[in-house]
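A.B. asks: give me the fold of what follows.
(4 chains)
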2 protein chains.
Amino acid sequence: MISTRGRYALRVMIDLAKNGSGDFIPMKDVADRQGISLKYLEQILPVLSKNGLVEAVHGKGGGYKLAKDPSDIKVGEVLRLTEKELAPVACLAEGSAACERMPKCVTISFWKEYNEVVNEFLDSKTLADF
Amino acid sequence: MISTRGRYALRVMIDLAKNGSGDFIPMKDVADRQGISLKYLEQILPVLSKNGLVEAVHGKGGGYKLAKDPSDIKVGEVLRLTEKELAPVACLAEGSAACERMPKCVTISFWKEYNEVVNEFLDSKTLADF
DNA sequence: TATCAACCTACCTTGTCAATAGGTAAATGA
DNA sequence: TCATTTACCTATTGACAAGGTAGGTTGATA
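C.D. replies: Residues are numbered from 1 along each chain as shown, chains lettered A, B, ... in the order given. Predicted coordinates for the structure are as follows:
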């Protein structure tokens, strides 16, 4: 089950793509339109700006806007940044210690394939598809 | 992230397929081989026998065995029964109340497609593939 | 009839989810 | 210069699920 973090992030990005006319949009507007707590969004978005998916400007007249063309932003990028883990098993996660069962594990190659199928699908979709 | 319930269930099924010579195998043997708590497996397996994936026999000489040929048991069947939810979002789960945002939701068709991709992959694999 | 094994139910501990709350830093307009 | 706006940072909280443990009951066999 994808968590609200990832789902909200995706909705925000789509909202920015639709309502973005070049200028910066305060997150308060997006939160109102989407019916999502502003405070909650505020702790989800920094990771997206730090990784170059959106540009952020403080202060009056500031807000967010997409850093790239919607067709250049993959859904997979958004979810991998915001979702804690997309990998199906712990041993395939980012900084995971090697599993001791690894040598005789008969399921690892299956889970790797699963992971690839999911990520390929998510990377085949961009914000422009919405 | 797939939970241990689903992953253990899959490993048990593969174990039964490999060590099954036609007679019933006590779950204690499987638990020992796989290094999984017997008590935990005991609350995972009933759902598999109730849904006809394995046969169970009580008492001395009893245990479990696959109810069908390994090539006739899809990984998707095992995981859908043991995993609480495979659907990516709540509104696509089994007995879920309709989401009020549904009419104007722009992501629902995307999540449906995601769900189909995952389930098709899981149903393309059987126990015989391990 | 003793033993084995599936099955049922309750409980417990730990951790994550989904927020809420309060404050700080930066940028702008008046 | 100062008030306002907006992004960003850091707890804290309540609810709930994950991942077991524990004990007992039922069914089948030797």
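A.B. asks: ok, now which ones touch the residue nearest to residue A:69 when sequence neighbours are not counted?
C.D. replies: Leaving out its chain neighbours, the residue that sits closest to residue A:69 by Cβ to Cβ, 6 or more residues apart in numbering or on different chains is residue A:128, at 7.8 Å. Where you see a C-beta, it was placed from the backbone N, CA and C, and this is true even at glycine. Neighbouring residues of residue A:128 by Cβ atoms under 8 Å, 6 or more residues apart in numbering or on different chains: A:17, A:69, A:70, A:71.
A.B. asks: now do 10 Å
C.D. replies: Residue A:128 is in contact with A:14, A:17, A:69, A:70, A:71, A:72, A:73, counting by Cβ atoms under 10 Å, 6 or more residues apart in numbering or on different chains.
A.B. asks: likewise for residue A:38?
C.D. replies: By Cβ under 10 Å, 6+ apart, residue A:38 lies in contact with A:26, A:27, A:28, A:29, A:30, A:31, A:32.
A.B. asks: one more pass at 8 Å, please.
C.D. replies: When contacts are counted by Cβ under 8 Å, 6+ apart, residue A:38 is found next to A:27, A:28, A:31.
A.B. asks: before we move on, what about residue A:14?
C.D. replies: When contacts are counted by Cβ under 8 Å, 6+ apart, residue A:14 touches A:127, A:130, B:106, B:107.
A.B. asks: got it, and residue A:113?
C.D. replies: Neighbouring residues of residue A:113 by Cβ under 8 Å, 6+ apart: residue B:121.
A.B. asks: which of the three states applies to the residue most central in space within chain A?
C.D. replies: By Cα atoms, centre = their mean, chain A has its centre lying nearest to residue A:78, at 2.1 Å. Here residue A:78 takes the helix state, with states given by DSSP: H, G, I helix; E, B strand; the rest coil.
A.B. asks: can you get me a residue count around residue A:56?
C.D. replies: Neighbour count of residue A:56, defined by other Cβ atoms under 10 Å in any protein chain shown: 16.
A.B. asks: same thing with residue A:84?
C.D. replies: 9.
A.B. asks: now do the phi/psi pair for the closest residue to it other than its chain neighbours.
C.D. replies: Using Cβ to Cβ, 6+ apart and skipping the chain neighbours, the partner closest in space to residue A:84 is residue A:3 (7.1 Å). Main-chain torsions, residue A:3, degrees, to the nearest 10: phi -80, psi 170.
A.B. asks: now the one 3 residues further on
C.D. replies: When quoted as degrees, to the nearest 10, the phi and psi of residue A:6 stand at phi -70, psi -40.
A.B. asks: for it, give its distance to chain B.
C.D. replies: Separation of residue A:6 from chain B (Cβ to the nearest Cβ, to the nearest Å) stands at 9 Å.
A.B. asks: swap in residue A:3?
C.D. replies: Taken as Cβ to the nearest Cβ, the span from residue A:3 to chain B is 10 Å.
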